[in-house]
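> Next input, structure requested:
(one chain, ligands or ions: 4)
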Amino acid sequence: MQTAEIRRRFLQHFEQRGHTVVPSASLVSPDPSLLFTVAGMVPFIPYLTGREPAPFPRATSVQKCVRTLDIEEVGKTTRHGTFFQMNGNFSFGDYFKDGAVQHAWELVTGAVADGGLGFDPDRIWVTVYLDDDEAADAWHRIAGLPKDRIQRLGKKDNYWHTGADGPGGPCSEIYFDRGPEFGPDGGPLVDTAGDRFLEIWNLVFMQYELTDVRSKEDFRVVGELPKKNIDTGMGLERVAYLLQGVDNMYEIDEVAPVLRRGAELAGVTYGKDHEADVRLRVVADHVRSGLMLIGDGVTPGNEGRGYILRRLLRRAVRSMRLLGVDTATLPELLPVSRDAMSASYPELATDFDRIAAVAYAEEEAFRRTLSSGTALFDTAVREAKAAGTPALSGEQAFSLHDTYGFPIDVTLEMAAEQGVTVDEAGFRALMQQQRDRARADARAKRTGSVDVLAYRRLLAEHGPTDWRAYDTLRTDSR
Ligand code: ATP
Ligand code: MG
Ligand code: MG
Ligand code: MG
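Ligands and ions are numbered 1, 2, ... in the order given. Have a look, this model is predicted:
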């Protein structure tokens, strides 16, 4: 079943059950406390917290999400993307646990001919919070799940709150058993790697008012909320990978074409070498995230969202380099991602010229950075190894950053590949000193403030300066 079809069925299922279909919000989080939209509930925060009255009692959406927290997992697990889509249904003081369980069960196990997803009910497991007997009872009574496939987990996995005083409550998660070839028996309680029992859907029951919230697991329940809410999130890519009979979310219809094109460019066969496979999956994931982020108006930069985007694009380019491709790669890969995604997001096609210009310029800038900084990096590594202390100093990392624009994570990654460590604390201290100096300068110059608009105008008229001096005038090899 194609990803676009799963998305359509999800929305239809909940629309038929009285939910208002709400289009995805931007990846640039509508909630000012977050850089990116990290879950389907983010656009609904004002209604879930009761800050604003909900304009509808029930809603459903397929929300574009970015989770940079998962970047290290990408390509290594089967299930983590930096970009992914979260299908959700929401009840604002309307139905509660019974309704949430029933709606979810009907969709997951409903026959394909009737609009369902057709999962085998015998391979579904769920978890509930330790003392949440109501939820356990609902799964048994409504879904007919045997009690040994309803497991109990603690706050770390099965409790939700915003991280601050306010609403919170237990959650219940739905898992699909991929089979004994992916791990031992025993359900999600045992399979902490999550390879065999794949988490597909989280149902959050917002039911309590919390106070003294100090951490994920340290808080106090003061009482029941006057209006209880439901917030759910189902991973569209995870469901797609199961229903498409592939091994992971990077092999689904919306992602695999980029992976295949990357393999073709690198002249490697996907599935033969673990390390190369991970790199190809990283490429496929990051190219798509870059496409979606630029599509939502993010541009590469040195901080905040722009920095994350820059990191994703550069990591994709570097992964292709490590696969042996030295030529520009985004012009080959980005259009493939656009073609795979534009059935669900037609604006990617109409806006592609702008998106491509931003992405290709970033790759060019990075290629220049790499070609000028790599020599310095190699020398530093050689020196460190020769000195018998396989560590780059904070000064060396700082100089790479300051002079050659090497982001610290590129230095860290390249160092790790060479079996060399980096004095990151030393690097950070030098960065801080630089910031302090800049601040002091700014204070001193407060009276003669610079009009940055003038520079912006120049940039708009003439484009960025191609600064060649480091390539052409460099006299020493440090
Ligand atoms: P996991 O334990 O696998 O990291 P999670 O518990 O962090 O997932 P939730 O915060 O519960 O995920 O998000 C709801 C749903 O969104 C998950 O059940 C999953 O299907 C999907 N999801 C979460 N993170 C990702 C990701 N990085 N890539 C793809 N899908 C994801
Ligand atoms: Mg997670
Ligand atoms: Mg989880
Ligand atoms: Mg979860």
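> List the single closest residue to whichever residue of the stretch 1-150 of the chain sits closest to ligand 1 in space, sequence neighbours excluded.
Residue nearest to ligand 1 within the stretch 1-150 of the chain: Phe84 (3.4 Å; CB to the nearest ligand atom). Where C-beta positions appear, they are placed from N, C-alpha and C, glycine not excepted. Residue nearest to Phe84 in three dimensions, not counting chain neighbours: Glu237, with 5.1 Å by CB to CB, 6 or more residues apart in numbering.
> In contact with the one you found, which residues are there?
By CB atoms under 8 Å, 6 or more residues apart in numbering, the contact set of Glu237 is 3, 79, 81, 84-85, 249, 252, 254-255.
> helix/strand/coil for the residue of the stretch 1-150 of the chain closest to ligand 1?
strand (DSSP: H, G, I helix; E, B strand; the rest coil).
> same check, this time on Lys227
Recorded secondary structure, Lys227: strand (three-state DSSP).
> count of neighbours near it?
By other CB atoms under 10 Å, the residues close to Lys227 number 16.
> burial measure for the closest residue to ligand 1 within the chain, as a count.
Closest contact between the chain and ligand 1, by CB to the nearest ligand atom, is at Gly235 (2.4 Å). A total of 22 residues lie near Gly235 under the criterion other CB under 10 Å.
> Which residues are in contact with the residue nearest to Arg305 when sequence neighbours are not counted?
Closest residue to Arg305 apart from its sequence neighbours, by CB to CB, 6+ apart: Val298 at 4.9 Å. With contact taken as CB under 8 Å, 6+ apart, Val298 is in contact with 27-28, 305-306, 309.
> Just the element for the residue nearest to Phe84, please.
Using DSSP states H and E, Glu237 sits within helix 236-243.
> At the contact with ligand 1, which residues of the stretch 201-350 of the chain appear?
Residues of the stretch 201-350 of the chain lying close to ligand 1 (CB under 6 Å from any ligand atom) are 201-202, 233-235, 237-238.
> By neighbours, which of the residues you listed wins?
Met234 (25 neighbours).
> so the helix or strand containing Asp285 versus helix 236-243, what angle?
Asp285 belongs to helix 274-295 when elements are defined using DSSP H and E. Angle, helix 274-295 to helix 236-243, by axes from the mean of the first three to the mean of the last three CA atoms, to 10 degrees: 140 degrees.
> name the helices or strands packed onto helix 274-295?
Applying 3 or more CB pairs under 8 Å, 6 or more residues apart in numbering; DSSP states H and E, we find helix 274-295 packed against strand 58-66, strand 83-92, helix 256-266, helix 304-322, helix 330-341, helix 347-350, helix 352-386.
> Pull out the buried positions in it.
Of all the residues in helix 274-295, those buried under the rule 16 or more other CB atoms under 10 Å are 276-277, 279-295.
> you'd agree Val204 is up against Gly169?
Yes - if you go by CB atoms under 8 Å, Val204 and Gly169 touch, sitting 6.6 Å apart.
> if I look at these two, which residues touch both of them?
By CB under 8 Å, 6+ apart, Val204 and Gly169 have these common neighbours: Trp160.
> Let me know whether stretch 42-51 sits next to ligand 1.
No - under the criterion of CB under 6 Å from any ligand atom, ligand 1 is not reached by stretch 42-51; the shortest gap measures 11.6 Å.
> start to end distance for that stretch?
With CA to CA, to the nearest Å applied, stretch 42-51 spans 13 Å between its terminal residues.
> State the mean pLDDT of that stretch.
Across stretch 42-51, pLDDT averages out at 94.
> what's the answer for stretch 145-156, then?
Computed over stretch 145-156, the mean pLDDT rounds to 97.
> cool, stretch 183-194 as well?
Stretch 183-194 carries an average pLDDT of 93.
> Show me where the stretch 301-450 of the chain dips below the pLDDT cut-off.
Within the stretch 301-450 of the chain, the stretches with pLDDT under 70 are 446-450.
> Sorry, slip of the keys, the one I care about is the stretch 1-150 of the chain.
Along the stretch 1-150 of the chain, segments meeting pLDDT under 70 are nowhere present.
> how about the residues of it near ligand 1?
By CB under 6 Å from any ligand atom, the part of the stretch 1-150 of the chain that sits against ligand 1 consists of 67, 70, 79-81, 84, 86.
> Compare the residues you listed and tell me which is most surrounded.
Ranking these using other CB under 10 Å puts Gly81 first, with 28 neighbours.
> just to revisit the earlier point, hey, C-alpha coordinates of the helix holding Glu237 in CSV?
The C-alpha trace of helix 236-243 is given here as CSV (Å, rounded to 0.1, in the frame of the first residue of the first chain):
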residue,chain,number,x,y,z
LEU,A,236,3.2,7.1,8.7
GLU,A,237,6.6,5.8,7.4
ARG,A,238,6.6,2.9,10.0
VAL,A,239,3.2,1.7,8.9
ALA,A,240,4.2,2.1,5.3
TYR,A,241,7.3,0.0,5.7
LEU,A,242,5.3,-2.8,7.3
LEU,A,243,2.6,-2.7,4.7
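> got the angle between the helix or strand harbouring Ala415 and helix 304-322?
Using DSSP H and E, Ala415 falls within helix 408-417. If you take the same axes, to 10 degrees, helix 408-417 sits at 30 degrees to helix 304-322.
> Can you list the buried residues in helix 408-417?
Within helix 408-417, the residues scored as buried using 16+ other CB under 10 Å are 408, 410-415.
> Please tell me I have it right and Ala193 contacts Gly183.
Yes - if you go by CB under 8 Å, Ala193 and Gly183 touch, sitting 6.9 Å apart.
> Have a look at the two and say which one is more surrounded.
Neighbours were counted for Ala193 and for Gly183 using other CB under 10 Å; Gly183 has more, 17 against 11.
> For that one, which non-adjacent residue is spatially closest?
Counting by CB to CB, 6+ apart, the nearest residue to Gly183 once its immediate chain neighbours are dropped is Arg196, at 3.3 Å.
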